[in-house]
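[1] Just a sequence and a predicted model for now, questions to come.
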Amino acid sequence: MKKGIYFSFDKVGGIEQLIEEKPTAARIFLFLSKYSNNDNVVVASSSVLEIALKKSRPYLSKCIKYLKENGYLAVLNSGQTSVYILNSEILISSKYDNEYKDIEILNATLLLSPKETSMKSNQYRNIKNKGI
């Protein structure tokens, strides 16, 4: 988790407007901002957002669609989880040099729901028991 979230001063008006017009979308953006890494990337399933924000999956999907359509973030789907990439013109981050020309390197913070945590623990135990 980031110790501080830094927003571009030029873009603060857009965030204020988002808070007024779409408060749940703003909460999603702030939640993801809080847990994003230095590349403004965070990986989370919809169940994590449901638990954290106490809203239904369909409603959260509408809010995320709004955030995508209005340039706050991009979403890549990876199985049951989504990779959220927050707009770096809004959320200031630290970047690093990429030695690869054709490959984009993104580090991500993975947020797990209690069910996913249990599944991960069970998979880890199974691997450990098999001596892998």
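    Yep, it's here.

[2] Give me the spatial nearest neighbour of the residue sitting nearest the centre point of the chain, chain neighbours excluded.
    Centroid-nearest residue in the chain: Val42, 3.5 Å away (criterion: C-alpha atoms, centre = their mean). Of all residues not flanking Val42 in the chain, Ser36 sits nearest, at 4.4 Å (C-beta to C-beta, 6 or more residues apart in numbering). Bear in mind the C-beta positions are built from the backbone N, C-alpha and C, glycine included.

[3] Can you pull the phi and psi angles for the one you found?
    Main-chain dihedrals, Ser36, degrees, to the nearest 10: phi -70, psi 160.

[4] Count the residues that sit near it.
    Using other C-beta atoms under 10 Å, Ser36 has 24 neighbouring residues.

[5] can you tell me how far it sits from Ser61?
    According to C-beta to C-beta, to the nearest Å, Ser36 and Ser61 sit 20 Å apart.

[6] and what of Val42?
    Using C-beta to C-beta, Val42 is found at 17 Å from Ser61.

[7] how near is the residue nearest to Val42 to Asn122?
    28 Å.

[8] Ok, Tyr84 next?
    Applying C-beta to C-beta to Tyr84 and Asn122 gives a distance of 26 Å.

[9] now swap in Ser61 and tell me
    In terms of C-beta to C-beta, Ser61 sits 28 Å off from Asn122.
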